[in-house]
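> When you get a sec, could you give me coordinates for this:
(chains A and B)
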Number of protein chains: 2
Amino acid sequence: MKTGLVDIHAHAFPRITQAEAAAADPRAPWLEDHADGSGHIMQGDKPFRPVQAQLWDAAQRLRWMEETGVAMQFVCATPVMFGYAWESARAAEWAQRMNDRMLQFASADPRRLKALAQVPLQDIDASCRELSRARESGHIGVQIGNHVGMKSLDDAGILDFLRHCAHESMPVFVHPWDMMGDERMKRWMLPWLVAMPAETQLSMLSLVLSGALERLPRSLTLVFAHGGGSFVWLLGRVDNAWRERDLVRADCPALPSSYCDRFCVDSAIFDEDALRMLVAAMGRERVLLGTDAPFPLGEVKPGALVEGTYADDRATREAILSGNAQRLFALG
Amino acid sequence: MKTGLVDIHAHAFPRITQAEAAAADPRAPWLEDHADGSGHIMQGDKPFRPVQAQLWDAAQRLRWMEETGVAMQFVCATPVMFGYAWESARAAEWAQRMNDRMLQFASADPRRLKALAQVPLQDIDASCRELSRARESGHIGVQIGNHVGMKSLDDAGILDFLRHCAHESMPVFVHPWDMMGDERMKRWMLPWLVAMPAETQLSMLSLVLSGALERLPRSLTLVFAHGGGSFVWLLGRVDNAWRERDLVRADCPALPSSYCDRFCVDSAIFDEDALRMLVAAMGRERVLLGTDAPFPLGEVKPGALVEGTYADDRATREAILSGNAQRLFALG
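Below you'll find the predicted structure:
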C-alpha cells in the first residue's frame, strides 16, 4: 500500500430521499439505491446518472481509499446538487442541509475524510453566511461551480464572495458544470470531454482578462478541477492575442500567463506530457492530486500518473501528492 | 530573409461589393475598403470585423511574405464567407464565384500563392461538384468549416463529401467557425480563445468516437487548424474515458489516441512546450506550418516558433516548415 496521498478532488452524494428532494425543489436530485452496490441519481422521476455505492457509502469509500493508498480525501458535492437556478431561500436552506450531510459522511473517519462546503451562489449574502457557518462546523474549504447562469467568476457579486473566502481563509475549489454546447454534444460524453475543459478555461480567463485578479487578495486560494481544463495548453494563444489585439488586453494590465501564480489546479489530466507541461506552467507548488473519484472518468489508480511522471523527482512528487494540499488547506 | 517556408493556413477576402453581396444573400459579407490600408468586413449595413489590406490586396500580401520569409502560402476563405446556412442553390453559386476570386487573388503570383476552395457543405452533391470543378480550375485543396449547423463531421453526407475529396486527392483543411458559447463569451475575444479550440477538438472527437475513421479511406488528408485546438491536450482524458465508460467507446473500436495518424494539424499553437507535445502526439510528419495570417491572432513571425523549438533538429524543422506541406499537397 502506498501511504500519504491526499486527494483534493472527490465527490459524494448524500442518501437524499425522493420526498426530501421534492420538498426542497422540483429540480432537486435524490438517490435511488438499488441495494446491489449500484444506484441512480434521479431528478423527479428521471434518471440523471448511474452511480456506485462508493458515492454515498462512506464505509465503502474508506475501503477503496485503503486499497488504493489514499490517506486523506476531500469530498465535495456532485455538481447536480448545486441548485444555483433555484429560488434563493430554498437554495440556501438546501446548501445548509447538504453541508451537514457531507460532514456526516466525513464523520465515518474524520481524520481521513474532509468536507468541502457548497453555497447558494445566486445569493452572495447567503453564500457568505453559509461559508462562515460551514467553516465553523468543520468544512475545510468550499466548492463552487464555474458559473451561475450567465455570470462568470468575474461577476462583482462572486468576487465579493471570493474576498469573503480569502478573509475566512477558506480555499475555493472550482468545478465545471452546466456545460456550454448544443445537439452536437449529445453522444459519447462529449460534454465531459469537450465542454468541461472549455468551461474551466473560460472561468480562469474571465478572472484574468477582466482584471479581477488585480482586485482579489493574493491570499485567496483558487483550485481548478481537471488540471485547469484547457487553460495551460492555450496560454500561448492567449498571450499572443493579448499582445496583438486591443480588445483582448482592454481590462487586463499584464500578460495573461503572468497570472498563473494566482491559480492552483488538480492533477486529473491523465497524460505524462500534459502533466509535465502543467507543472512547468503552474509551478510544482500549485498542482495538487485530484482523482475525481468515484466517477468513471476519474483516475483509476490514485497518484500513479504523478508517481510515473516524477519517479526521479521526489520533491515534485511529494508536493503534488500531499505537501501542497497540506500547506494550502492548513491540514494538521 | 528566411527561405522555403510553406504556410498552409492563411486567409483572404475578395473585394466583394455591397451590391454583389446583397444579390447573393442578405447574410453575404462584403468589403468596405477605407482606402488607407484598413477596411471592414460588413454584413448588410453592420461591421462584422475590422481588417487590413493584406487580406484582400495580393500585392501587399506578397510583400509581407517577402519580408517574413514565406516562400509559399495557401489562401482560403475567411469563414464568414462559407454561407452554409443559406439556401443551397445560392450558396453553390456563391462558392463557385468565391473560388474563382481566390484563384484571381493567387494569380498575382501563382508559384507563391495557392488557393484552397470552399464548398456549399449544406448540399453534398453540390459540394462534390464544386470540389471537382475547383480542382480542375487550379485549387490545391479545400477548406471546410468544422460543422454545418447541428451536423458534425461524422454526418453521413459530410463523410460522403470527405470520401469524394480522398477520391479526387484533394486535402481537406478544417477550420472552426460558428462557435459554441453564450453571453459569458461576449468579451475579450473569448470565442476565439475558448470556443475555437473546443470546436476543433469536438470535430476531431466526433470523427474518432463515431467510428467514422474506420469508414474513411486512409488516403484522405485531413488538416485541422490551430494545432487541432484542444485535441492533443485532452487525449489522455479521452483515452481514460474510453477505457472506463461504455458510452464513450460504444461506436469507437480502438483507443482514441490510436487514431492520431489519421489527422494532420497546423503549428499555430504559440508555445514551445505545446508544440513539442503536439509533435510528440501527432508525429513530426503530420504537423504543418500555419500562420493564420493576416489576422492579429496569427503568428507574427512565421516559422519562429518552430525554428526556436527545433533549433537543434533540422529534420523536424524542415518537415514542419515545408516538407510535410510539399508531400501532402503534392507541390511540384
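> can we go C-alpha only for contacts and neighbour counts from here?
OK.
> For chain A, which segments count as strands?
Counting by DSSP state E, chain A has strands at residues A:5-12, A:29-33, A:38-43, A:46-52, A:70-77, A:113-117, A:141-145, A:172-175, A:222-224, A:264-266, A:287-288.
> Might one say that residue A:132 is in contact with residue A:167?
No: judged on C-alpha atoms under 8 Å, residue A:132 makes no contact with residue A:167 at a distance of 10.1 Å.
> More neighbours: which of these two?
Between residue A:132 and residue A:167, residue A:132 has the larger neighbour count (other C-alpha atoms under 10 Å in any protein chain shown), namely 15 against 12.
> Find me the pLDDT at the closest residue to the more buried one other than its chain neighbours, would you?
Nearest residue to residue A:132 in three dimensions, chain neighbours excluded: residue A:168, at 7.2 Å (C-alpha to C-alpha, 6 or more residues apart in numbering or on different chains). Residue A:168 carries a pLDDT value of 98.
> same question, residue A:64
pLDDT recorded at residue A:64 is 97.
> Tell me how many other residues surround it.
Residue A:64: 15 neighbours (other C-alpha under 10 Å).
> Now do the buried residues in stretch A:22-30.
Neighbour-count burial for stretch A:22-30 flags A:24-25, A:27-30 (criterion: 16 or more other C-alpha atoms under 10 Å in any protein chain shown).
> So which of these reach chain B?
The subset of those within reach of chain B, by C-alpha under 8 Å from any C-alpha of the partner chain, is empty.
> Out of the residues you listed, the closest to residue B:281 would be?
residue A:29 (40.5 Å; C-alpha to C-alpha).
> hang on, the earlier thing: for the strands of chain A, give me TSV that also has mean pLDDT.
TSV is the format used below for the strands of chain A (pLDDT from 0 to 100):
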stretch	mean pLDDT
strand A:5-12	98
strand A:29-33	97
strand A:38-43	97
strand A:46-52	95
strand A:70-77	98
strand A:113-117	98
strand A:141-145	98
strand A:172-175	98
strand A:222-224	98
strand A:264-266	98
strand A:287-288	98
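> Pick the most deeply packed of the ones you listed.
Comparing the strands of chain A by mean neighbour count (mean count of other C-alpha atoms under 10 Å in any protein chain shown), strand A:287-288 comes out on top with a mean of 30.
> Which strands and helices lie in contact with it?
Secondary-structure packing of strand A:287-288 (3 or more C-alpha pairs under 8 Å, 6 or more residues apart in numbering or on different chains; DSSP states H and E): strand A:264-266, helix A:324-328.
> now with 6 Å?
strand A:264-266 (3 or more C-alpha pairs under 6 Å, 6 or more residues apart in numbering or on different chains; DSSP states H and E).
> Can you tell me, leaving aside adjacent residues, what's nearest to residue A:175?
With C-alpha to C-alpha, 6+ apart as the criterion, residue A:175 has its nearest non-adjacent residue at 5.0 Å, and that residue is residue A:145.
> Distance check, the one you found against residue A:266.
Distance from residue A:145 to residue A:266, counting by C-alpha to C-alpha, to the nearest Å: 15 Å.
> before we move on, what about residue A:129?
Relative to residue A:266, residue A:129 is positioned 27 Å away (C-alpha to C-alpha).
> about what we covered before: looking at the strands of chain A, which is nearest to residue B:67?
Among these, the nearest to residue B:67 by C-alpha to C-alpha is strand A:264-266 (42.0 Å).
> how about the residues of the stretch 51-200 of chain A near chain B?
Contact residues (C-alpha under 6 Å from any C-alpha of the partner chain) of the stretch 51-200 of chain A with chain B: A:150, A:180-181, A:184, A:188.
> Turn the residues you listed into JSON lines, including pLDDT.
As requested, these are arranged in JSON lines below (pLDDT from 0 to 100):
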{"residue": "A:150", "pLDDT": "97"}
{"residue": "A:180", "pLDDT": "95"}
{"residue": "A:181", "pLDDT": "92"}
{"residue": "A:184", "pLDDT": "96"}
{"residue": "A:188", "pLDDT": "98"}
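> Give me the buried subset of the residues you listed.
The buried subset of those (16+ other C-alpha under 10 Å) comprises A:180-181, A:184, A:188.
> which pair in the residues you listed spans the largest distance?
Farthest apart among those - using C-alpha to C-alpha - are A:180 and A:188, which lie 15.7 Å from each other.
> unless I'm mixing things up, residue A:10 is touching residue A:292, no?
Yes: with contact defined as C-alpha atoms under 6 Å, residue A:10 reaches residue A:292; the gap is 4.7 Å.
> Now the closest residue to chain B within the stretch 51-200 of chain A. Its backbone dihedrals?
In the stretch 51-200 of chain A, no residue comes nearer to chain B than residue A:188, which is 4.3 Å away by C-alpha to the nearest C-alpha. Dihedral pair for residue A:188: phi 60, psi 30, per degrees, to the nearest 10.
> How about residue A:255?
phi -50, psi 130.
> Return the distance of it relative to residue B:91.
Distance from residue A:255 to residue B:91, counting by C-alpha to C-alpha: 42 Å.
> now swap in residue A:80 and tell me
Shown here: residue A:80 relative to residue B:91, a distance of 43 Å by C-alpha to C-alpha.
> How about residue A:225?
Taking C-alpha to C-alpha as the measure, residue A:225 falls 43 Å from residue B:91.
> Next: residue A:288.
Distance of residue A:288 to residue B:91, given as C-alpha to C-alpha: 52 Å.
> Show me the shaky parts of chain A.
The model of chain A has pLDDT under 70 over residues A:1-3.
> Next, name the residue at the spatial heart of it.
In chain A, the residue lying closest to the centroid (C-alpha atoms, centre = their mean) is residue A:175, at 3.7 Å.
> can I assume it is in contact with residue A:227?
No: Residue A:175 is beyond contact range of residue A:227, at 10.7 Å (criterion: C-alpha under 6 Å).
> Between the two, which contacts overlap?
Counting by C-alpha atoms under 6 Å, 6 or more residues apart in numbering or on different chains, residue A:175 and residue A:227 have no shared contacts at all.
> which bits of the stretch 201-332 of chain A sit near chain B?
Within the stretch 201-332 of chain A, the positions near chain B by C-alpha under 6 Å from any C-alpha are A:236-237, A:241, A:244, A:247-248, A:270-271, A:296-297.
> Tell me the buried residues within the residues you listed.
A:236-237, A:241, A:244, A:248, A:270-271, A:296-297.
> Nearest to residue A:52, out of those: which one, please.
Closest approach to residue A:52 among these (C-alpha to C-alpha): residue A:296, at 9.7 Å.
> Which residues are in contact with that closest one?
Neighbour list for residue A:296: residue B:244 [criterion: C-alpha under 6 Å, 6+ apart].
> need the helices for the stretch 151-300 of chain A, in chain order.
Counting by DSSP state H, counting those that start in this stretch, the stretch 151-300 of chain A has these helices, from start to end: A:156-167, A:190, A:196-209, A:235-244, A:246-249, A:272-282.
> Tell me which of those helices approaches residue B:206 most closely.
Evaluated with C-alpha to C-alpha, these place helix A:190 nearest to residue B:206, the distance being 8.7 Å.
> how about stretch A:325-332: buried residues?
Applying 16+ other C-alpha under 10 Å to stretch A:325-332 flags A:325, A:328-329 as buried.
> where's residue A:252 relative to residue A:177, distance?
Separation of residue A:252 from residue A:177 (C-alpha to C-alpha): 26 Å.
> what's the answer for residue A:96, then?
Distance of residue A:96 to residue A:177, given as C-alpha to C-alpha: 20 Å.
> what's near enough to touch residue A:79?
No contacts exist for residue A:79 under C-alpha under 6 Å, 6+ apart.
> Go again with 10 Å.
By C-alpha atoms under 10 Å, 6 or more residues apart in numbering or on different chains, the contact list for residue A:79 reads A:11-13, A:118, A:143-145, A:175-178.
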